[in-house]
Structure formats: structure tokens, C-alpha cells
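Colleague: Pasting a predicted model and its sequence here:
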Amino acid sequence: KGKGNRLANEASLYLRQHGQNPLDWYPWGEEALARAKAEDKPIFLSIGYSSCHWCHVMEAETFEKEDVAAYMNEHWICIKVDREERPDLDAVYMEALQGMTGSGGWPMSMFLTPDLDPFYGATYLPGPRFLEVARKLRHLYDTRRSDLDAQAATFRARLAANATHPPASPLTMDDHQSHLDALSARFDRRWGGLQGRMKFPTAPRWSYVLHLYRKTGDREAAAMLRSTLDNMASGGMYDHVGGGFHRYTTEPTWLVPHFEKMLYDNALLAELYTEASQVFGTDGARHERYEETARDLLNFLLREMRDQGGGFYASYDADSGGEEGSYYVWTPQELSEVAGDVDGPILARLLGVTEEGNFEGKSILTRRSGERSLWGLFETHREALKARRSKRVAPGLDTKIISSWNALTIRALARAAAVFGDERYLKAAEEAADFLWDTHRIEDGERTGLVVASNQGVPGSPAVLDDYALLALQG
């Protein structure tokens, strides 16, 4: 670790995590931008967030290396940005990165002129590769500046063109059918979701399918949706002991997740499962499994991701003590130590826990056993499993409170209160709304309006369109 840099006292947990790097980091601001112009130095812009596994890996493999720091501190101005606190900057440079490479992700590594125009972009770069890239780019900057400026101008023009869209005409039922047909062509008939080597929940897509089914009664829409909901909730992407969905899975069966938990994913999924419990119930009753998933998820948010002031925290880290997923996996022996020699092996069978494991020698829990009559056994031991797990090194919690993500959570809680008749959810929604109104609304003469996020009650940068739009949907 280094002696410390300008990030050590920032409000953002993500920035503070890099506060001891030997790199001479700046937060985004006038000081860094002015220095780049005054010294005519290119900018290295690194964008990520605290719960990002590969952000942590890149820090350890690249930003903590003395040789990398020595070169970058002399030849570049290095700026670190928390994407959750500056979604405006993240959106601009992510679009540039996707235009350059055809894909995107975090950590985002962008190389800019002093005028903030990107001329090269990448995601994760290990130390030796990063240094090789940085040296080559600085050489180009020194010897072929006009070419880089021309390339940057091309990207700037492309971004400007993409920002001007003609007004869209209203969608017709033929348009909806075309969307459904395209979705069906990409649908994974075995596991639900879209075909591919990874699986993302993408709740808005399935909410759209649910609403289309409600309008048309299309059986194909219902079948795709139910397969997706069932497989997501029964697989390893759901935390069956503690509640809540992880961010995505790294394979196509919803088994092995990328273990971070994001508030926005869980808010959107809670609303989706709540609505599905209404739509797919029979004989006037709600669908039991979907209601159970929605309630369990919301109870997790209330129990573990809620600030005492009523707002909801941003995310849980993917890593626990430097190891991804270690908090969530089990062995048959551990289950027997919790549930006893009789119930332990039955629990292992119910939860898919084997001696060989399915993740680095241990098992991610699933609920894919057909032995429905035995599920009461899991509920009997669930609190004991939770207590045992709580003794492990827990994943880090980013207590940043984000306006737009809280707006989604308020909406999910309000819908659940209406559907399930549970006053706890309504009270929590009201308290979260009060928190945003009291803490995230600025009226100081110089600026008036919402902020994107707060840390420990300290408001951050001015809100963007998402914050206002999503909060307005709660009205």
C-alpha cells in the first residue's frame, strides 16, 4: 500500500478503497482537469464501483504496483470515478467504450485528451498489459497527436449523432408481436432467459412480457416468463439462506452467480415476482412460490440493506475477505453440523450440496429438488444456517444511498403492500420517500433539486434524469 492519495477522505466507499494506492489519483473535478490542460498531459480515467469483483482484482494487480504508479504519476493525470455517484460521466464514456470495442463493463479504463475526448478504451487490464498499453498510448500522444485528436473528434461526432433521435411513433400490436417473436427466437427453452454463456435477470424485459401477456393472453409469453421466473428463483443466483438475488450468473443454468447483490436488481425483481404472484395464481389465490420469493426478497432488503433513516443501501460486494462467493457456499459436513446427522444429509439433497461441490470444491445452494413435501425441513433449519453463516467473513456493504435505486425500491414496496396487504412494506416505502425528501433535496440558493446519492447523510452531485423520472413514477 502507498502513503495515501487524494481519495483517502472522499465520501464514496469505492474512492476510499483506492485511497492508499501509490497512484496519484484525483477525484473528478476542476483540480485534475485544470492540471491536465496546464501541463498538456493525457488523462487516464478509471470508472468502477465498490461491489465490483474485477475492480478489486484490477486494483490489486495494477493500481497497487509501484512500477505502474511511477510511470503513470509522471506521464498521465489519473482520475478515479464511482459510477454510481456520477452516472452521467459513466454513461458518456461507456457509450464511447462500446463504440470503440463493441462491448463494455467495469472497471472501465478510458484514455482521454486534456479536452476529455476518449481516444482508447478497455475494461480490466492486468498490470503488465496495462503498463504496455499506457506506454504505447503516451508515445502516440507525443508523436502523433494530430491523429489522436482526429480519432477523438470522430468519436465525439458519433456520440453527438447518437444523442439526437427522431420522435418514435407509438407502438402497435404488430410491433409488440415482432418483439415477442424476436425474444422467442433467442429464448433458452431449457433454463429460461436468453441463450448465452451467461445469464442476466434483466427484470424490465420480463415485466414487459408479463404486461404483454396480461393484455393479450399470449401463451408463448406466459411460458417464457414462467420458465425464467422458476429457474431464476430455484437456482444459485438466489440466496436461499439470506434472501436476495445476486447480479447475474457466469453460466447458462442460473447456478453460479457473480455474487454481488445490487439494490436496483432486487427492487425490480421484487416488483416482477409480486405482480407475477397475482397474474399466475389460481382460483382467486396468489401464486404461492412467486409470492414467497417476492416477500423473502423484500424482507432481506428491510433486514440487511436499510439505513436507520429509512433509505436503502446500494450493494453488497461480490467478495468476502478477498474471496468471491466464500460467504455463500456449503459442504455436506457443514449442513450436518448445523442440522444434525439425520436432517443434514436430507438438507444436502434438497439444496444440491455434494461432496464434490459445484463451485471451487463447495456447493452453491439451489432449490431444484422435486421433494416438495420436505421443504418444511429447510425452513426449520434456515435461521440456524443463517446464524452459522454469519460467523464467516461477510461481504462488504456499500452504504451509499442512491436516489434512483431507492425510487425503484419504494415502488416495489408500495406494490407489495397493495398486493399482499402487508403494512410493513407500506411503512418502509413511506420512510424511504421521506428520507429522499429530507436528505436528497437541496435548496441552498446556488442549486435546487435532487442529488444522485448520499453517503452517511452527506448529499453528493446533482441528480440526473433517471433520478427525477423514477421518483416521479412513485407519484
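Modeller: That came in fine, so what should we check first?

Colleague: tell me the contacts of I410?
Modeller: I410 makes contact with 429, 432-433, 474, according to CB atoms under 8 Å, 6 or more residues apart in numbering. C-beta: built from backbone N, CA, C; applies to glycine.

Colleague: where does it fall, phi/psi-wise?
Modeller: phi -60, psi -40 (degrees, to the nearest 10).

Colleague: wait, isn't Y213 in contact with A222?
Modeller: Yes - between Y213 and A222 there is a contact at 5.0 Å, judged by CB atoms under 8 Å.

Colleague: and the two? which has more neighbours close in?
Modeller: Neighbour totals were compared for Y213 and A222, and Y213 leads with 22 against 18 (other CB atoms under 10 Å).

Colleague: Next, the more buried one: secondary structure please.
Modeller: Under the three-state scheme (DSSP: H, G, I helix; E, B strand; the rest coil), Y213 adopts helix.

Colleague: Let me know how buried G445 is, in neighbour terms.
Modeller: Other residues close to G445 by other CB under 10 Å number 6.

Colleague: quick one, helices of the stretch 301-450 of the chain?
Modeller: 332-351, 375-389, 403-420, 423-439 (DSSP state H, counting those that start in this stretch).

Colleague: wait, what's in contact with the most centrally placed residue in the chain?
Modeller: Closest residue to the average C-alpha location of the chain: M262 at 4.4 Å, with CA atoms, centre = their mean. Contacts for M262 (CB under 8 Å, 6+ apart) come out as 51, 247, 314-315, 405.

Colleague: out of those residues, what pair is the most spread apart?
Modeller: R247 and W405 (13.3 Å; CB to CB).

Colleague: The two: which is more packed in?
Modeller: W405 (27 against 22).

Colleague: Quickly note the distance from the more buried one to L470.
Modeller: 8 Å (CB to CB, to the nearest Å).

Colleague: can you check A160 too?
Modeller: From A160 to L470 the distance is 26 Å (CB to CB).

Colleague: Of those two, which one has the most company?
Modeller: L470 (19 against 9).

Colleague: OK, contacts around that one?
Modeller: Going by CB under 8 Å, 6+ apart, the list of residues near L470 reads 403-404, 407-408, 411.

Colleague: Could you dump the residues you listed into a markdown table and include neighbour count, distance to S146 and pLDDT?
Modeller: Putting the contacts of L470 into a markdown table (neighbours: other CB atoms under 10 Å; distance: CB to CB, whole Å; pLDDT from 0 to 100) gives the following:
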| residue | neighbour count | distance to S146 | pLDDT |
| --- | --- | --- | --- |
| S403 | 25 | 43 | 97 |
| S404 | 23 | 41 | 97 |
| A407 | 25 | 46 | 97 |
| L408 | 25 | 46 | 98 |
| R411 | 19 | 51 | 97 |
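
Colleague: Quickly name whichever of the residues you listed is closest to T253.
Modeller: L408 (27.2 Å).

Colleague: Wait, that closest one touches N266, no?
Modeller: No - between L408 and N266 there is no contact under CB under 8 Å: 9.0 Å.

Colleague: pretty sure N406 is in contact with L436, am I right?
Modeller: Yes - N406 is within contact range of L436, at 5.9 Å (criterion: CB under 8 Å).

Colleague: just the helices in the stretch 151-300 of the chain please.
Modeller: 173-186, 203-216, 219-234, 263-279, 288-304.

Colleague: so of the ones you listed, which one's packed in deepest?
Modeller: helix 263-279 (a mean of 24; mean count of other CB atoms under 10 Å).

Colleague: on contacts alone, who are the packing partners of that helix?
Modeller: helix 203-216, helix 219-234, helix 288-304, strand 313-316, helix 403-420 (3 or more CB pairs under 8 Å, 6 or more residues apart in numbering; DSSP states H and E).

Colleague: ok, the shortest one: who's next to it in the sheet?
Modeller: Partner strands and pairing direction for strand 313-316 (DSSP bridges) are strand 261-262 (antiparallel), strand 397-402 (antiparallel).

Colleague: How much space separates the residue lying closest to S461 once chain neighbours are set aside from G48?
Modeller: Nearest non-adjacent residue to S461, counting by CB to CB, 6 or more residues apart in numbering: V452, 5.3 Å away. Distance from V452 to G48, counting by CB to CB: 16 Å.

Colleague: again, but for L116
Modeller: Taken as CB to CB, the span from L116 to G48 is 18 Å.

Colleague: Over to Q177?
Modeller: Taking CB to CB, one finds Q177 at 40 Å from G48.

Colleague: And L125, by the same measure?
Modeller: Counting by CB to CB - L125 and G48 are separated by 12 Å.

Colleague: Can you pick out the residue with more neighbours from those two?
Modeller: For L125 and G48, the more surrounded residue by other CB under 10 Å is G48, and the numbers stand at 28 against 18.
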